[in-house]
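Undergrad: dropping a prediction and its sequence here:
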Amino acid sequence: ATLTLNPAADAYVQAGNNANKNYGSATTLRVRTNATAAKNYDSHLKFDTSSATGTVTSAKLRVYAKLSASGAVSTTAYAIATTTWGETSITWNNKPALGSALGNISVTSTSYAWKEIDVTAYVQGEFNANRKVLSFAYHSGTASSLLTTLQSREGTNKPQLVVVTNAAPTVSLTAPANNSSYVAPASVTLSANAADTDGTITSVAFYNGAILLNTDTSAPYSYTWTGVATGSYTLTAKAVDNSGAITTSSPINITVNPVPNVPPTVSLTAPANNANYTAPASVNLTANATDSDGT
């Protein structure tokens, strides 16, 4: 799933005499580092990614940029930890601090063109920390007389954060039934259903606790576990989709019991029933006895 987001807020800030001035309503953003303070500009962008679900597989920050005159300027995008700044209140004097550098764009033309930076690792980290409002800044680390202009969200070609996500697969063990009992040495058939809404299932692996029993790469997903000894076991299935997302099923518990002991058989073969003797008698007792599962 590809989600193309425009900024929830963006603005450039200017140093020098305008360090307390806000430019949040401007149709362009500006970036430049110059020896003259009043010619220094940084630009800030904020995106709300709360509508994105699943695992982030790709993220790119895109801006529509040009130079003020012929030449070439490298501009760096930075992560910004602070996301509480406002589009109508941010200034040079209160702008949030730059965080880690995420990448550079090279602007070499006086005509607008799309420039993008891969910010996948940063966005994945923020999503893993359950932070869905993301803030960025553009700053040029090299002094130049050239001004880099980016179209803002008030412009025609708004900045974009393009996030590609992958929905995790679903998986459930359909056999054996929970709390099933077997007799050792047991033969246990494990079966699973797995599906992926935005791709395909590449494999389903069956586990006894943390021990891999078998991996099946085609439906119907099944494995027969043989020679299972006496004990209690917790079984799960793990499904992997074509983008590498993994889902583990709810556990199934089974018990394998020892073979029950069959009682022996015994019969008296002598004396005969109702036999008569004369006292003082000598009586011989004889028996046959067998055991089907022992001695």
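TA: Yes, it's here.

Undergrad: which residues of the protein score low on pLDDT?
TA: Of all residues in the chain, none has pLDDT under 70.

Undergrad: which residues touch the residue nearest the centre of it?
TA: With distances taken as Cα atoms, centre = their mean, residue 55 lies nearest the centre of the chain, 4.6 Å away. Contacts for residue 55 (Cβ atoms under 8 Å, 6 or more residues apart in numbering) come out as 127, 165, 166, 167, 168, 243, 245. Every C-beta, even on glycine, is put in place using the N, C-alpha and C of the backbone.

Undergrad: and it, bridged to which residues?
TA: Note on residue 55: beta-bridge partners by DSSP bridges are residue 166.

Undergrad: ok, it to residue 243 distance?
TA: Distance, residue 55 to residue 243, using Cβ to Cβ, to the nearest Å: 7 Å.

Undergrad: now do the shared contacts for these two.
TA: Contact with both residue 55 and residue 243 is made by residues residue 166, according to Cβ under 8 Å, 6+ apart.

Undergrad: got the buried residues for the host helix or strand of residue 102?
TA: Under the criterion of DSSP states H and E, residue 102 resides in strand 101-107. Buried residues in strand 101-107, defined by neighbour count with 16 or more other Cβ atoms under 10 Å: 102, 104, 105, 107.

Undergrad: need those residues in CSV (columns: distance to residue 273).
TA: Below are the buried residues of strand 101-107 laid out as CSV (distance: Cβ to Cβ, whole Å):
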residue, distance to residue 273
102, 99
104, 106
105, 107
107, 113
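
Undergrad: tell me how far the helix or strand hosting residue 227 lies from the chain's centre.
TA: Following DSSP H and E, one finds residue 227 within strand 221-228. Distance of strand 221-228 from the chain centroid (Cα atoms, centre = their mean, to the nearest Å) equals 29 Å.

Undergrad: contact partners of the very next helix or strand once past it?
TA: Per DSSP H and E, the first helix or strand lying C-terminal to strand 221-228 is strand 231-241. Strand 231-241 has contacts (Cβ under 8 Å, 6+ apart) with 166, 168-173, 176, 188, 190, 192, 194, 196, 199-209, 221, 246-256.

Undergrad: mind listing what's buried along the helix or strand just after strand 231-241?
TA: Proceeding N to C from strand 231-241, the next assigned helix or strand is strand 246-248, under DSSP H and E. For strand 246-248, a neighbour-count test (16+ other Cβ under 10 Å) marks residue 247 as buried.

Undergrad: which strands or helices does strand 246-248 pack on?
TA: Strand 246-248 is packed against strand 170-175, strand 231-241, with contacts defined by 3 or more Cβ pairs under 8 Å, 6 or more residues apart in numbering; DSSP states H and E.

Undergrad: which pair of the contacts of residue 55 spans the longest distance?
TA: The distance between the two most remote of the contacts of residue 55 (Cβ to Cβ) is 14.7 Å, for 127 and 243.

Undergrad: follow-up on the earlier one: okay, the helices and strands packed on strand 246-248, which one's buried deepest?
TA: strand 231-241 (a mean of 19; mean count of other Cβ atoms under 10 Å).

Undergrad: now the angle from that one to strand 170-175?
TA: Computed by axes from the mean of the first three to the mean of the last three Cα atoms, to 10 degrees, the angle separating strand 231-241 from strand 170-175 equals 140 degrees.

Undergrad: same list, the contacts of residue 55, but as JSON lines with neighbour count and distance to residue 12 please.
TA: JSON lines is the format used below for the contacts of residue 55 (neighbours: other Cβ atoms under 10 Å; distance: Cβ to Cβ, whole Å):
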{"residue": "127", "neighbour count": "20", "distance to residue 12": "27"}
{"residue": "165", "neighbour count": "21", "distance to residue 12": "30"}
{"residue": "166", "neighbour count": "21", "distance to residue 12": "35"}
{"residue": "167", "neighbour count": "17", "distance to residue 12": "37"}
{"residue": "168", "neighbour count": "18", "distance to residue 12": "39"}
{"residue": "243", "neighbour count": "19", "distance to residue 12": "37"}
{"residue": "245", "neighbour count": "19", "distance to residue 12": "38"}
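
Undergrad: okay if I get those residues as CSV plus distance to residue 19?
TA: Shown next, in CSV, are the contacts of residue 55 (distance: Cβ to Cβ, whole Å):
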residue, distance to residue 19
127, 34
165, 39
166, 44
167, 46
168, 47
243, 46
245, 47
